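Asker: only geometry, no sequence info:
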Ligand SMILES: NC(=O)c1ccc[n+]([C@@H]2O[C@H](COP(=O)([O-])OP(=O)(O)OC[C@H]3O[C@@H](n4cnc5c(N)ncnc54)[C@H](OP(=O)(O)O)[C@@H]3O)[C@@H](O)[C@H]2O)c1
């Protein structure tokens, strides 16, 4: 272990998906601002170039949550350097827009691989270390979209609904080992998620039945990215304050649309369908 005395007092926070401009990057800054020792990870170091390399509170590592090898190497490296992981933030995720009746199954699978299996891969690698200390916090990044799934983003909303359910199970299963599990449920937050979804969309085939809906499908990618979206810094500061509490909440939702979507969840299906049809031009 290569840490000095001051580092041994800090909470070690591992965050996935910290590319600049996204929520993970804002979370890294917010945890760093609270004097945590942040292991910020992303698929490439260059995408986190804005995080201060010389700041001893930040430690940057490459990580692909789809790879067992990458995840195991990351966890071994953190354990070797810092001897513990206090908080794991499973933030890495991909949005996917496409009609479910025509989406290539490989794309549906990729969305679940990243958002669901990638998260559980991280959980399985980190939990033994947390359990041995009977201490730790795991933060999973859900989405308000799981509260009111509409058209064009079924792969994404399905993956987040699955993640919400798995998070509920993990919360109970990890309690005997002293590990808190927190479902963070963002509303619409400014990030790269729309551009990333459109880059992915350009690899989709031409739709057969859904050609007339092309514009609505493309627009769906940017639904969370309007001028009124919540800035990622504002969202991240609130998340970090909630997560660092002695007794963190099981559910933390914030950001544009978070209240509307919480209400939507309880609406009768015919009203929900009416509203979503209007909003998504379906
Ligand atoms: N923004 C919103 O309105 C919103 C709403 C609800 C939930 N969320 C959730 O918040 C989380 C962060 O999203 P964001 O809005 O900040 O989007 P973003 O800016 O696109 O960030 C997503 C991050 O995940 C990373 N990532 C993707 N696949 C990965 C993989 N296989 N391994 C490791 N990292 C990977 C991306 O890396 P690259 O840069 O290499 O692609 C990027 O760093 C996601 O889970 C998303 O579903 C966002």
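Answerer: Thanks, I have the structure now. This is a predicted model, so every value here is computed, not measured.
Asker: Tell me the spatial nearest neighbour of residue 187, not counting adjacent residues.
Answerer: Nearest-residue entry for residue 187: residue 255, 3.1 Å, with adjacent residues in sequence omitted and distances by C-beta to C-beta, 6 or more residues apart in numbering. For the C-beta atoms, the positions are set from N, CA and C on the backbone; glycine is no exception.
Asker: ok, the one you found to the ligand distance?
Answerer: 7 Å (C-beta to the nearest ligand atom, to the nearest Å).
Asker: Likewise for residue 132?
Answerer: For residue 132, the distance to the ligand under the criterion C-beta to the nearest ligand atom works out to 26 Å.
Asker: One more: residue 94?
Answerer: According to C-beta to the nearest ligand atom, residue 94 and the ligand sit 5 Å apart.
Asker: Same check on residue 263?
Answerer: Noted for residue 263: a distance of 17 Å to the ligand, by C-beta to the nearest ligand atom.
Asker: Would you list the phi and psi of the residue nearest to residue 187?
Answerer: Its backbone dihedrals place residue 255 at phi 110, psi 170, with angles given as degrees, to the nearest 10.
Asker: again with residue 230
Answerer: The phi and psi values for residue 230, taken as degrees, to the nearest 10, are phi -70, psi 130.
Asker: and what of residue 137?
Answerer: When quoted as degrees, to the nearest 10, the phi and psi of residue 137 stand at phi -130, psi 140.
Asker: hey, what's it bridged with?
Answerer: Per DSSP bridges, the residues bridged to residue 137 are residue 87, residue 180.
Asker: How many neighbouring residues does it have?
Answerer: Counted by other C-beta atoms under 10 Å, the residues lying close to residue 137 total 22.
Asker: Could you do residue 52 as well?
Answerer: Residues within reach of residue 52, counting by other C-beta under 10 Å, total 12.
Asker: Quick check: nearest residue in space to residue 130, chain neighbours excluded?
Answerer: What sits nearest to residue 130 in space, not counting adjacent residues and going by C-beta to C-beta, 6+ apart, is residue 136, at 3.0 Å.
Asker: Tell me where the longest helix sits in the protein.
Answerer: Of all the segments of type helix in the chain, defined by DSSP state H, the longest one is helix 154-174.
Asker: Name the residues of the chain found near the ligand, please.
Answerer: Applying C-beta under 6 Å from any ligand atom, we find that the chain lies next to the ligand at 16-19, 21-24, 42-43, 47, 63-66, 91-94, 114, 118, 141, 143, 186, 188-189, 191-193, 196, 224.
Asker: is it fair to say residue 60 lies in a helix?
Answerer: No: using DSSP: H, G, I helix; E, B strand; the rest coil, the secondary structure at residue 60 is strand, not a helix.
Asker: residues contacting the residue nearest to residue 256 when sequence neighbours are not counted?
Answerer: Leaving out its chain neighbours, the residue that sits closest to residue 256 by C-beta to C-beta, 6+ apart is residue 188, at 4.1 Å. Taking C-beta atoms under 8 Å, 6 or more residues apart in numbering as the contact definition, residue 188 lies against 223, 224, 225, 226, 228, 229, 230, 255, 256, 257.
Asker: what's the answer for residue 216, then?
Answerer: Listed by C-beta under 8 Å, 6+ apart, the contact partners of residue 216 are 151, 152, 280, 281, 282.
Asker: Surely the first one touches residue 280?
Answerer: Yep, that's residue 151 we're talking about. Yes: judged on C-beta atoms under 8 Å, residue 151 makes contact with residue 280 at a distance of 4.8 Å.
Asker: Please identify which of these two sits among more neighbours.
Answerer: When neighbours are counted by other C-beta under 10 Å, residue 151 comes out ahead of the other of residue 151 and residue 280, with 21 against 17.
Asker: Now do the same for that one: its pLDDT.
Answerer: In this model, residue 151 is scored at 97, pLDDT.
Asker: What of the one 10 residues further on?
Answerer: Per-residue pLDDT puts residue 161 at 98.
Asker: One more: residue 8?
Answerer: Predicted confidence (pLDDT) for residue 8: 78.
Asker: what's the neighbour count on it?
Answerer: Number of residues near residue 8 (other C-beta under 10 Å) recorded here: 13.
Asker: Could you give me the buried positions within the longest helix of the chain?
Answerer: Judged by neighbour count (16 or more other C-beta atoms under 10 Å), helix 154-174 contains these buried residues: 154-164, 166-167, 170-171, 174.
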